[in-house]
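Novice: output the structure for:
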Amino acid sequence: MRTPGNAVLVWFRRDLRDHDHAALAAALTSGLPVHCVFVFDTDILDALPSRTDRRVEFILGSLYQLDSALRARGGGLIVLHGRAVEEIPRLAREIGARAVFVNRDYEPAAKRRDAEVGRLLGEQGIALHEFKDQAIFERDELLTGAGRPYTVFTPYKNAWLKRLSSADHAPCAGSGQFAPAPAVALPTLDDLGFRPGNLGELGIEPGMAGARKLWDEFRAGRIQRYGALRDFPAIKGVSYLSVHLRFGTLSIRELVSAALAEQADSWLNELIWRDFYFMILDRFPHAAERAFKSEYDAIRWDDWPAGLSAWQQGRTGYPLVDAAMRQLNHSGWMHNRLRMVVASFLCKDLGIDWRLGERYFAEQLNDFDLSANNGGWQWAASSGCDAQPYFRIFNPITQSEKFDPEGKFIRRYLPELAKLPNKYIHAPWTMGRLEQEALGVVIGRDYPGPIVDHATAREKTLARYAVVKKT
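Specialist: Below is the predicted model:
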């Protein structure tokens, strides 16, 4: 029988901060020295499509800050590179850990990983303690009157707000003793087999410091106007905190507390959506692979590689769609209104399976989060919980006219259209040939013509989705 250990281990994953951290706070109150570890999990890294990935760069930069903060408190960060299911049990055994503390993850693959780690630890007599940290409410904490998970957002939001108390968003704090970390340099990108990208060029600062700067700026100047500004991509109206929320460089509890204090209901609503999608993926894991509403799996999508490629490259001939995709490809980020527009365009104008778009976003987004990405794509495809009706089909021209009326966003990412007057910027193909030549933008030469006719595509989509009405 294994002798109980004389230390505990905190395993950091998507919670790269040393404050208001549920697992760390609990470990510190254990009365035992606390070791801290992060694993660059090769099960995840080896599946990435490119050796230049802004997310790996962001994580590494965040770990340098986390290590520095922990060392200032007498500890430090052990950084490993390998399979987490092997590295965590091995390290726990080597340091004589009595328990491993983690914050809970809701993705199917992460849940399988954690179950396997828990099993292997248990064989060594080491406990795995899991905590709620990235959500305010999780699992079955909010249920309908029938005792089932919510599948419609508004009743979920109402239940969320009704149940919320100050304790639910109070910071997690604990005091205790850190175990000194070995004086070993953290790995470089090259050590991990990756190359630097354009994170610095984009001005994206990782870690707790980067999160704090963005949060302070948003709270001081825009949080109250979020509801009015959030839909206009040419305006600096959103928080830009999504990548920091994804990797936990700031706490959801702090953001909820501030949203309540500022009475920023529109922004709080977005944080509740985040909880909702976590819950949906956790309770309905089939949504990660298939339509949430199973009848939508009967839809037959078009096999159109050229159409998919044109969409990915921002060459569809619809300026708002193309500008949004070029923003994504350049920066790894896309404005939320545009995420809806381009997703609807792929599914309902091009007739291409939403899963192909979801996969491309998963490869490109700095803030990729399976629950929100899947939820957003299934919303656009009408196959998800509380999704837009299948007959609601965004018109990419009217969306452009409404949310980028002067074409400022379009011109930023489609410089070839910079000279077009506002009346043509949303639909350049409506210019006459003489005007095109005078402006130096000949459709089909300098900028593509529309890949599909929206009105025709809309009728095809209604026919495609008719199968749903028959089930």
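Novice: rest of the way, CA atoms for contacts and neighbours
Specialist: Fine.
Novice: please report how far Pro49 lies from Asn374.
Specialist: Separation of Pro49 from Asn374 (Cα to Cα, to the nearest Å): 19 Å.
Novice: domain ranges for this protein?
Specialist: Following automatic domain parsing, one gets these domains for the chain: 7-132, 134-170+208-283, 294-470.
Novice: can you give me the offset of the longest one from its chain's centre?
Specialist: Relative to its parent chain, domain 294-470 has a centroid offset of 20 Å by Cα atoms, centre = their mean, to the nearest Å.
Novice: circling back: when Pro49 and Asn374 are compared, which one has more neighbours?
Specialist: Asn374 (28 against 10; other Cα atoms under 10 Å).
Novice: on the three-state scheme, that one is what?
Specialist: Asn374 falls in the helix class when you classify it by DSSP: H, G, I helix; E, B strand; the rest coil.
Novice: quick one: which helix or strand includes the closest residue to Arg51 other than its chain neighbours?
Specialist: For Arg51, ignoring the flanking residues on the chain, the nearest one in space by Cα to Cα, 6 or more residues apart in numbering is Phe194 at 4.7 Å. Following DSSP states H and E, there is no helix or strand that holds Phe194.
Novice: one step back: Val184: which of the domains of the chain is closest?
Specialist: In terms of Cα to Cα, the element of the domains of the chain nearest to Val184 is domain 7-132, at 8.2 Å.
Novice: I figured Asn374 was touching Glu358, is that so?
Specialist: Yes - here Asn374 reaches Glu358: they are 6.6 Å apart, a contact under Cα atoms under 8 Å.
Novice: which residues does Ala25 contact?
Specialist: Applying Cα atoms under 8 Å, 6 or more residues apart in numbering, we find Ala25 in contact with 172-175.
Novice: buried ones in the lowest-mean-pLDDT helix or strand in the chain?
Specialist: Least confident helix or strand of the chain, by mean pLDDT, DSSP states H and E, is helix 466-470 with a mean of 81. Neighbour counts over helix 466-470 (16 or more other Cα atoms under 10 Å) mark Val468 as buried.
Novice: wait, which of the domains of the chain is closest to Ala179?
Specialist: Comparing these by Cα to Cα, domain 7-132 comes nearest, at 5.0 Å.
Novice: what is the end-to-end distance of that closest one?
Specialist: 22 Å.
Novice: restricting to C-alpha, output the least confident helix or strand of the chain in PDB.
Specialist: The C-alpha coordinates for helix 466-470 follow below in PDB (Å, rounded to 0.1, in the frame of the first residue of the first chain):
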ATOM      1  CA  ALA A 466     -37.100  20.600 -46.700                       C
ATOM      2  CA  VAL A 467     -36.000  17.100 -45.500                       C
ATOM      3  CA  VAL A 468     -36.100  18.500 -42.000                       C
ATOM      4  CA  LYS A 469     -39.800  19.200 -42.300                       C
ATOM      5  CA  LYS A 470     -40.500  15.500 -43.300                       C
END
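Novice: contacts for it next, please.
Specialist: 295-296, 298-299.
Novice: of those residues, closest to Ile443?
Specialist: Ile299 (33.6 Å).
Novice: count the neighbours of that closest one for me.
Specialist: Neighbour number of Ile299 under other Cα under 10 Å is 14.
Novice: quick check: it vs Gly5, distance?
Specialist: Separation of Ile299 from Gly5 (Cα to Cα): 55 Å.
Novice: in the stretch 301-450 of the chain, which spans are strands?
Specialist: Under the criterion DSSP state E, counting those that start in this stretch, the stretch 301-450 of the chain carries no strands.
Novice: ranges for the helices of it?
Specialist: Along the stretch 301-450 of the chain, counting by DSSP state H, counting those that start in this stretch, helices occupy 305-313, 319-331, 336-344, 354-364, 370-381, 396-403, 408-413, 422-425, 433-439.
Novice: nearest to Val85 among those would be which one?
Specialist: helix 370-381 (20.6 Å).
Novice: next, give phi and psi for Ala99.
Specialist: phi -160, psi 160 (degrees, to the nearest 10).
Novice: related to what we said a few turns ago, which one of the helices of the stretch 301-450 of the chain lies nearest to Asp453?
Specialist: Proximity to Asp453 (Cα to Cα) singles out helix 396-403 among those, at 10.8 Å.
Novice: and the contacts of that closest one?
Specialist: 231-233, 318, 320-321, 341, 345, 407, 426-427.
Novice: again, only using 7 Å
Specialist: 231-232, 318, 320, 341, 426-427 (Cα atoms under 7 Å, 6 or more residues apart in numbering).
Novice: tabulate these (TSV), appending distance to His244, neighbour count and pLDDT.
Specialist: Formatted as TSV, the contacts of helix 396-403 follow (distance: Cα to Cα, whole Å; neighbours: other Cα atoms under 10 Å; pLDDT from 0 to 100):
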residue	distance to His244	neighbour count	pLDDT
Asp231	21	18	96
Phe232	22	20	97
Tyr318	31	26	98
Leu320	27	31	98
Val341	24	21	98
His426	33	26	98
Ala427	36	20	98
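Novice: for Arg290, state which of the residues you listed is nearest.
Specialist: Nearest to Arg290 among those, with distances taken as Cα to Cα, is Val341, at 21.5 Å.
Novice: low-confidence ranges in this structure?
Specialist: For the chain, the stretches flagged by pLDDT under 70 are 1-4, 470-471.
Novice: now do 90
Specialist: 1-5, 181-185, 221, 385-392, 468-471 (pLDDT under 90).
Novice: hey, what's Cys36 bridged with?
Specialist: Cys36 has these beta-bridge partners by DSSP bridges: Val10.
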